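Q: generate coordinates for the sequence data below:
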Amino acid sequence: MHELSLAESMLDIIKEQAALEGFIKVTKVVLEIGTLSHVEAEAMAFCFDAIIADTLAEGAILEIKRMPAKGHCL
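A: Numbers count the residues shown, from 1 in each chain. Here you go, the predicted structure:
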């Protein structure tokens with residue numbers, strides 16, 4: 001389940017941005033997932049909820065937006 005490592009990376013980014021911008025609480029995270037990414041939205045939400053306990057994102061809502069695939073043909 002690579003969603004767990006993706007969720008952990010998201011939390012790392014949140015922590016980095018908190019340090020840069022000086023915020024101490026996150027209430028909502030918006031995540032765009034591409035159709036071709038092979039990321040399961042339900043698994044991602046589960047993993048996100050599991051890793052945010054006892055962090056600045058505890059209790060945050062994860063809003064997942066599915067993005068359509070795009071292609072370009074010459």
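
Q: hey, let's count contacts and neighbours off CA atoms from now on
A: Noted.

Q: sketch out the low-pLDDT regions of this structure for me.
A: Residues of the chain meeting the criterion pLDDT under 70: 1.

Q: where is the longest helix in it?
A: helix 3-21 (DSSP state H).

Q: those strands in the chain, which residues are they?
A: 28-34, 61-67 (DSSP state E).

Q: so what touches the first one?
A: Applying CA atoms under 8 Å, 6 or more residues apart in numbering, the external contacts of strand 28-34 come out as 39, 41, 60-69.

Q: list the buried ones in it?
A: Neighbour counts over strand 28-34 (16 or more other CA atoms under 10 Å) mark Ile33 as buried.

Q: angle of that strand against strand 61-67?
A: Here strand 28-34 runs at an angle of 20 degrees relative to strand 61-67 (axes from the mean of the first three to the mean of the last three CA atoms, to 10 degrees).

Q: can you give me how far strand 28-34 is from the chain middle?
A: Relative to its parent chain, strand 28-34 has a centroid offset of 6 Å by CA atoms, centre = their mean, to the nearest Å.

Q: that strand pairs with which strands?
A: As defined by DSSP bridges, the strand partners of strand 28-34 come to strand 61-67 (parallel).

Q: hmm, who's touching the strand it pairs with?
A: Counting by CA under 8 Å, 6+ apart, 27-35, 41, 45, 48 sit against strand 61-67.

Q: and it, what's buried?
A: Leu62.

Q: ok, back up a step: just the closest of the contacts of strand 61-67 to Leu6, please.
A: Phe48 (8.8 Å; CA to CA).

Q: now the closest residue to the closest one other than its chain neighbours: how far from Val39?
A: Distances taken as CA to CA, 6 or more residues apart in numbering place Ala7 nearest to Phe48, at 5.3 Å, with adjacent residues excluded. Using CA to CA, to the nearest Å, Ala7 is found at 11 Å from Val39.

Q: with Leu56 instead?
A: 24 Å.

Q: which one of Ala7 and Val39 is surrounded by more residues?
A: A side-by-side neighbour count of Ala7 and Val39, using other CA atoms under 10 Å, places Ala7 first with 21 against 15.
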